[in-house]
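Chemist: no FASTA, just this:
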């Protein structure tokens with residue numbers, strides 16, 4: 001039984017740097033996921049046309065429809 005534990009210990013020591021790198025990468029990915037931008041798109045509400053801006057600014061359509 002102790003031979004198996006010794007083999008596991010040697011393997012963990014051998015890949016220790018890789019395991020630490022993997023842990024740092026996963027923690028970083030989790031932080032990016034938790035603090036990501038949560039954008040909610042409302043279709044039909046975001047209109048960037050000149051006509052809409054003129055109506056909002058002056059109260060009437062300055063350009064013909």
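Modeler: That came in fine, so what should we check first? From a predicted model like this one, the values you see are computed outputs, not experimental measurements. Residues are numbered from 1 along each chain as shown.
Chemist: What count of nearby residues applies to residue 9?
Modeler: For residue 9, the count of nearby residues is 10 (other Cβ atoms under 10 Å). Where you see a C-beta, it was placed from the backbone N, CA and C, and this is true even at glycine.
Chemist: Checking it next. Helix, strand or coil?
Modeler: Assigned by DSSP: H, G, I helix; E, B strand; the rest coil, the conformation of residue 9 is helix.
Chemist: Let me see the contact set for residue 17.
Modeler: If you count contacts by Cβ atoms under 8 Å, 6 or more residues apart in numbering, residue 17 has none.
Chemist: what helix or strand is it on?
Modeler: helix 16-34 (DSSP states H and E).
Chemist: for this structure, where's the lowest mean pLDDT among helices and strands?
Modeler: Least confident helix or strand, the chain: helix 50-58 with a mean of 68, by mean pLDDT, DSSP states H and E.
Chemist: what residue ranges in this structure are flagged as low confidence?
Modeler: Applying pLDDT under 70 to the chain picks out residues 41-54, 56-57, 59-65.
Chemist: can we see that at 80?
Modeler: 1, 39-65 (pLDDT under 80).
Chemist: and residue 32, how many neighbours?
Modeler: Residues within reach of residue 32, counting by other Cβ under 10 Å, total 9.
Chemist: now do the one 4 residues further on
Modeler: When counting by other Cβ under 10 Å, one arrives at 8 neighbours for residue 36.
Chemist: That one in helix, strand or coil?
Modeler: coil.
Chemist: Could I get the phi/psi values of it?
Modeler: phi -70, psi 160 (degrees, to the nearest 10).
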